[in-house]
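Novice: predicted model and sequence follow; I will ask about them next.
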Amino acid sequence: MQSGLVIRGLTAGLDTKRIIDGLDLEVPDGEVHALMGPNGHGKSTLANILMGNPGYTVESGEAYLDGENLLDMEVWERARKGLFLAFQYPAEIPGVTVSKFLKRIADLRREPPKNTAAFLAELKEHFAMLDIDPALANRYLNDGFSGGEKKRMEILQMLTVQPRFAIFDETDSGLDVDALKVVAEGINHMRRPGFSALVITHYRRLLDLVKPDGVHILEKGRIVASGGFELAELLEREGYEGIRRVVADQKTREAAYEN
């Protein structure tokens, strides 16, 4: 099986409600893909299922990361495997400072820093790159932070963790232009073999900066269209009706070819 994320026939939901319905998706190693779709059709549900949120139930299907079935793993095992989730609304953790939290997760990553000096040098570099006030290192994680500061912290955590696969669940929601550029810079900084990402978003503006390798449209719990950046452009011009028209035209052509 190829390296990267491979999902086959995933059907899952919340309580008794089915939200994901036979979803297929692939994000190869070294690529960043975008997932777009209407509200309530399963984008955040997919992120929660991949990360192992116990509130969701998987009926059937498979989700592999580098050939290993994520659905067989506990949440902590998925995290140690290298799966990372950036939340739409990052949690506040009073009592735990930013620096102590980052040091702990750095020590647990696949290739931890050699010593404290190496960690501090790395942290200083990341603070500068993301335009984060160094004074935040001594504050409690996200406690009293602005929305933009919280999103910067999410990207800082990603750079510290150095994950194998990152999921960004509407991380661009509510960001101003400067904060949006910081998020994109963090994602682009990680782009290399051994790293892949799924960017869940409603808007093209982040994708203009990230330049995804693939774009997927999720509707009613399944992927209805996959392609390049032109899908995001079509969505911006014509909305989901434009996507549905393209899908219908494709099905018509396929039926004509088969006949």
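Specialist: Sure, I can see it.

Novice: quick one: residues contacting Asp172.
Specialist: Asp172 makes contact with 180, 183, 201, 203, 205-206 under the criterion Cβ atoms under 8 Å, 6 or more residues apart in numbering. Every residue, glycine included, has its C-beta placed from N, CA and C.

Novice: identify each buried residue in the strand or helix carrying Leu231, please.
Specialist: Using DSSP states H and E, Leu231 sits within helix 229-258. Neighbour counts over helix 229-258 (16 or more other Cβ atoms under 10 Å) mark 229, 231-232, 234-235, 240, 243, 246 as buried.

Novice: now the helix or strand where Leu207 lies: buried residues?
Specialist: Assessed by DSSP H and E, Leu207 sits inside helix 204-210. Across helix 204-210, burial judged by 16+ other Cβ under 10 Å covers 204, 206-207, 210.

Novice: which strands or helices does it pack on?
Specialist: strand 32-36, helix 177-190, strand 196-200, helix 229-258 (3 or more Cβ pairs under 8 Å, 6 or more residues apart in numbering; DSSP states H and E).

Novice: need the ones you listed in a markdown table (columns: mean pLDDT and distance to Glu170).
Specialist: What follows is these, written out as a markdown table (pLDDT from 0 to 100; distance: least, Cβ to Cβ, whole Å):
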| stretch | mean pLDDT | distance to Glu170 |
| --- | --- | --- |
| strand 32-36 | 96 | 10 |
| helix 177-190 | 90 | 11 |
| strand 196-200 | 96 | 6 |
| helix 229-258 | 84 | 15 |
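
Novice: Arg80: which of those is closest?
Specialist: Closest approach to Arg80 among the helices and strands packed on helix 204-210 is made by strand 196-200 (16.9 Å; Cβ to Cβ).

Novice: relative to helix 177-190, how tilted is that closest one?
Specialist: Calculated by axes from the mean of the first three to the mean of the last three Cα atoms, to 10 degrees, strand 196-200 forms an angle of 160 degrees with helix 177-190.

Novice: give the pairing partners of strand 196-200; include direction for each.
Specialist: strand 32-36 (parallel), strand 165-169 (parallel) (DSSP bridges).

Novice: and these as CSV, adding mean neighbour count and distance to Tyr257?
Specialist: CSV is the format used below for the strands paired with strand 196-200 (neighbours: other Cβ atoms under 10 Å; distance: least, Cβ to Cβ, whole Å):
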stretch, mean neighbour count, distance to Tyr257
strand 32-36, 23, 27
strand 165-169, 25, 36
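
Novice: could the helices and strands packed on helix 204-210 go into CSV alongside distance to Lys124?
Specialist: As requested, the helices and strands packed on helix 204-210 are exported to CSV (distance: least, Cβ to Cβ, whole Å):
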stretch, distance to Lys124
strand 32-36, 26
helix 177-190, 15
strand 196-200, 25
helix 229-258, 35
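
Novice: so which of the ones you listed is nearest Met73?
Specialist: With Cβ to Cβ, the closest approach to Met73 among the helices and strands packed on helix 204-210 belongs to strand 196-200: 17.3 Å.
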